[in-house]
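>>> sequence first, predicted model second:
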Amino acid sequence: MFGKKKKKQLTEVNASSMADIAFLLLIFFLVTTTVASDKGLSILLPPKLETQEPVKFKERNIFTVLINSENQMLVEGELLDVRDLKEKAKKFINNKGADETSSESTEKAIISLKTDRGTGYELYINVMDELKRAYNELRAESVGLSLQEYNALDAEDPEQKKLMDKSKLEYPLQISEAEPTDIGG
């Protein structure tokens with residue numbers, strides 16, 4: 001009895017279904033995981049017209065803002081800092097024909113923004129924010145509200161919507177974004 005040795009049985013794990021389980025887990029996580037998507041800028045583009053006739057504007061009704069690839073801003077022919085843009089734009093928009101070199105009316109005032117392809121996104125967004133802030137401040141003043149009160153107006157409330165519509169009619173947001181120019185290279 002002592003002379004016989006027992007053979008040890010090797011135990012094997014059946015791994016044939018492991019690949020199936022891993023595949024099912026992969027599918028589960030792919031289906032249940034949400035992928036964050038970039039929102040981008042919400043800019044409403046006008047519908048494309050079948051026939052477009054060239055629109056003619058008086059030069060005095062166009063407020064030009066040029067930003068080059070080195071993030072320098074030229075406003076109406078002079079270098080300007082972004083912090084000074086809002087006040088200069090408000091003065092142009094609200095001129096109402098008082099100054100012969102500026103806009104004839106709030107409805108005819110157009111802000112033309114042109115950039116180079118190398119313009120930084122941060123500066124572009126800051127410039128757009130300042131221009132929109134200029135319009136919003138003028139709109140708020142036109143209905144006798146502060147900027148904070150104007151921004152808090154609810155478009156669902158008929159009375160507040162009426163105020164918003166009145167201010168937008170008096171100060172229509174007219175920012176023309178020209179196609180960027182190449183910077184060469």
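Alright, I've got the coordinates. All values derive from a computational prediction rather than experimental measurement.
>>> strands of this structure, start to end?
According to DSSP state E, the chain carries its strands in the segments 62-67, 73-75, 78-79, 110-115, 175-177.
>>> would CSV of those strands with mean neighbour count and distance to Asp20 be doable?
C-beta coordinates here come from the backbone N, C-alpha and C atoms, glycine included. As requested, those are exported to CSV (neighbours: other Cβ atoms under 10 Å; distance: least, Cβ to Cβ, whole Å):
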stretch, mean neighbour count, distance to Asp20
strand 62-67, 20, 58
strand 73-75, 19, 61
strand 78-79, 8, 68
strand 110-115, 19, 55
strand 175-177, 15, 55
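>>> Glu12: which of those is closest?
strand 110-115 (68.3 Å; Cβ to Cβ).
>>> from what I can see Asn126 touches Val82, true?
Yes. Applying Cβ atoms under 8 Å as the test, Asn126 and Val82 come out as touching, 5.2 Å apart.
>>> top helix in this protein by residue count?
helix 121-142 (DSSP state H).
>>> quick one, what contacts Phe23?
By Cβ atoms under 8 Å, 6 or more residues apart in numbering, the contact set of Phe23 is empty.
>>> and the longest helix of the chain, what does it pack onto?
strand 62-67, helix 82-93, strand 110-115, helix 147-151, helix 158-170, strand 175-177 (3 or more Cβ pairs under 8 Å, 6 or more residues apart in numbering; DSSP states H and E).
>>> what lines up beside the last one in the sheet?
Yep, that's strand 175-177 we're talking about. Using DSSP bridges, the strands paired with strand 175-177 in its sheet are strand 110-115 (parallel).
>>> any idea how far Val143 is from Glu159?
11 Å (Cβ to Cβ, to the nearest Å).
>>> neighbour count winner among the two?
Per other Cβ atoms under 10 Å, whichever of Glu159 and Val143 has more neighbours is Val143, with 16 against 8.
>>> let me know whether the more buried one touches Leu163 as I believe.
Yes. Using Cβ under 8 Å, Val143 is in contact with Leu163, at 4.8 Å.
>>> now Thr101, nearest residue through space, not along the chain?
Among residues not flanking Thr101 along the chain, Arg60 sits closest, at 6.0 Å (Cβ to Cβ, 6 or more residues apart in numbering).
>>> what does the pLDDT read for the one you found?
Here the pLDDT value assigned to Arg60 is 83.
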